[in-house]
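Enquirer: Structure here, sequence nowhere to be found:
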DNA sequence: TATGAATGAGTATTCATTCAT
DNA sequence: CATGAATGAATACTCATTCAT
């Protein structure tokens, strides 16, 4: 019998902690040495659970997606919106509240891409799968099957977060949200005239 | 061996060349040694014109914006679109064609952020000013004063480029463009019923 | 999970398996982790049977000699050559066929030297004894008591294998064998005019 | 003007010193850190002159060959042997005297091979070229064009050095030399009946 | 007896920057 | 002004070994 340690449980514990470390320091600036120190273990131990930095990062990425989806589910459950308009606004409000955290994730992701080369990312299905999951979650919540519109919604949200990051928050989130909410609702109503079917 | 004795002129020449180098290789992957070699100069000489890598990088960032605005102006001048719909499509087509290059710039920008820390970015007006200039250029070209709609357009373009970067091009640019083009035109027509005034 | 409870028996089983592993990968490139994995055992278990990597390696070295002598005996028994010339050729053919394997052993041996330092080798009778056994085996097979000639034969074989290792096989084995076979036969015939006595 | 340092001269100086370091400690046990320390410079400086450990080692290898050839030339010049027999003996005596040094070289070489994998060696022409040079030098000195015999001579010398290394010097060098000298002379005389032409 | 978690010193290599010439 | 030699701290990763369970 080995030392009594649930390998998988500890792995997850590491991921939990390291997630915030990456968010705070980014990919390149956070060395394996630093990570180990923050975890209170040796480098060797860290490598015992993850074969290399990249694997650790990817595990973190996968976790983040699940965390985000769960957080969104919890949020909209509590919000209890019923009409399409309200639900669109709920999504927007969620993003507004999570903005800083979402941006952090984007930042780390971008850095990872630059460090490891974009090509490896392209072959990496994780991020594409994550995007699909996000879009699907929104589509289900909005109760529409208009994939283009929902993707456009997601794209707009992404763009808005970046925009506000770049201009230091000068762009008014609510104004943009209002505008997009209106055109999106109009578009969905037009494409889906039978009305809004709650499928959640 | 710089042919140009004028300090400032040579500085600019360096910036011109290094801009494309950073765009291609990113910040971290491009060493001062590589830059010097590409310039046909010794590292020491490079340090005579820029005190450190960061200063060089910032000079490059400032240059990029001007290059882009000029490129867009040249593009739409040649396109010669007259109706609002056409001009919206011209902008979209421009982005589609420039997509890779635009993404490269975004990547460089993101690295700039990681290098300097997000805080300094907030205080740094360069990027905010750049965004304003981009939005203004589009507004002028479209001949509308609906700032919100134009900003939304810009935001959507930004988001679309990132989206396609992350999913490896899986999202269909033309489909998204079509969709957004429609809602934007409708929105602008509604907000600006008097029609479209070419103010360029 | 060793099936065999007898400590010594299991030790030998390990040696058997690990011998081929060292031959294939060499000393430095083969980690205790790899060995344990190949044995289907944990590292801890491995350390129960051998106090350290070096002890395991030495045990392997001792085994190799016995394997070789047995292999040669089996080979020449099957070959059934009767004249001196034929037997010289049989030895040469054996070496040609076993070349890769013999070279692997030499490599392992060399690493043994590096590991223990050449000085310890000098004091270590194992290898010297092994050489004696090899020479004696050949002498007996050739049926001659000309120790010098047989040692020279052995020396030549050793040199030839190394030579071909270093030059990537450029040196022609058969050509060399032919040449040496001729001079050796001549030498033996001259030194031992009474002829060739099969003493095996 | 850079710091006044003759790059090539210093490179050679490094090679000189490092040659003996490799001979003493072997390839793997001698770290770049140790080398730098022995040279009295920083690791960075070392990498300024050699891109990696392997390049440094190869440079050392190439140098060794030249040193050896020169040493042999100096030796036989001084020896002034004129007959074939005498020259064969001169070569043998040279090897006897250089034995320890030659063995050291072989040891380092073998280790390098194990560390970097034999495949890379195979593709590496340096060692094969070195062997050719050695054989050619001997052939020229002996004044014979019998490539097989000279190669056999070389092979025998290699084997003898290894043999004596393995058995701790138990094998009598002079006895072996005598024996081989006789058969070689006989072989050469037979193959080259016109006699021995001094071509040195 | 058997396990595998933990260690930490060790490896080659990189790179922005300084400075003597 | 220009050079490139020199630096040294930093990086990801390896591995024989120990030991609590």
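Expert: Now that the structure is in, tell me what you want to look at. All values derive from a computational prediction rather than experimental measurement.
Enquirer: quick one, helices of chain A?
Expert: A:7-25, A:32-39, A:43-49, A:53-79, A:84-116, A:118-123, A:125-142, A:147-166, A:173-191 (DSSP state H).
Enquirer: Is the third one positioned near DNA strand F?
Expert: By that I understand helix A:43-49. Yes - Helix A:43-49 lies within reach of DNA strand F by C-beta under 7 Å from any atom of the strand, at A:43-44, A:47. For glycine as for every other residue, the C-beta is placed from the backbone atoms N, C-alpha and C.
Enquirer: which residues are contacting that helix?
Expert: Here helix A:43-49 makes contact (C-beta atoms under 8 Å, 6 or more residues apart in numbering or on different chains) with A:7, A:10-11, A:14, A:32-33, A:35-36, A:39, A:56.
Enquirer: So what's the gap between it and the chain middle?
Expert: 27 Å (C-alpha atoms, centre = their mean, to the nearest Å).
Enquirer: Pull out the buried positions in it.
Expert: For helix A:43-49, burial by neighbour count (16 or more other C-beta atoms under 10 Å in any protein chain shown) applies to A:46, A:49.
Enquirer: related to what we said a few turns ago, winner for burial among the helices of chain A?
Expert: Among the helices of chain A, helix A:147-166 has the highest mean neighbour count (mean count of other C-beta atoms under 10 Å in any protein chain shown), at a mean of 23.
Enquirer: If you count contacts, what does that one end up packed against?
Expert: On a contact count with 3 or more C-beta pairs under 8 Å, 6 or more residues apart in numbering or on different chains; DSSP states H and E, helix A:147-166 meets helix A:84-116, helix A:125-142, helix A:173-191, helix B:84-123, helix B:125-142, helix B:147-166, helix B:173-191.
Enquirer: Point out where chain A drops to low pLDDT.
Expert: A:1-3, A:117-123, A:190-200 (pLDDT under 70).
Enquirer: give the contact list for the closest residue to residue A:22 other than its chain neighbours.
Expert: In this structure, residue A:22 finds its nearest non-sequential neighbour in residue A:108, 5.2 Å apart by C-beta to C-beta, 6 or more residues apart in numbering or on different chains. Taking C-beta under 8 Å, 6+ apart, we find residue A:108 in contact with A:22-23, A:26-27.
Enquirer: can you narrow these to ones near DNA strand F?
Expert: Among the contacts of residue A:108, DNA strand F is touched by none when using C-beta under 7 Å from any atom of the strand.
Enquirer: Out of those residues, which two are the most distant from each other?
Expert: A:23 and A:27 (10.3 Å; C-beta to C-beta).
Enquirer: Return the distance of residue A:78 relative to residue A:181.
Expert: Residue A:78 is 20 Å from residue A:181, where distance means C-beta to C-beta, to the nearest Å.
Enquirer: hang on, I meant residue A:139
Expert: Distance, residue A:139 to residue A:181, by C-beta to C-beta: 16 Å.
Enquirer: again with residue A:168
Expert: Counting by C-beta to C-beta, the gap from residue A:168 to residue A:181 is 24 Å.
Enquirer: ok, now which ones touch the residue in chain A that chain D sits nearest to?
Expert: Closest residue of chain A to chain D, C-beta to the nearest C-beta: residue A:33 (18.3 Å). Residues near residue A:33 by C-beta under 8 Å, 6+ apart: residue A:43.
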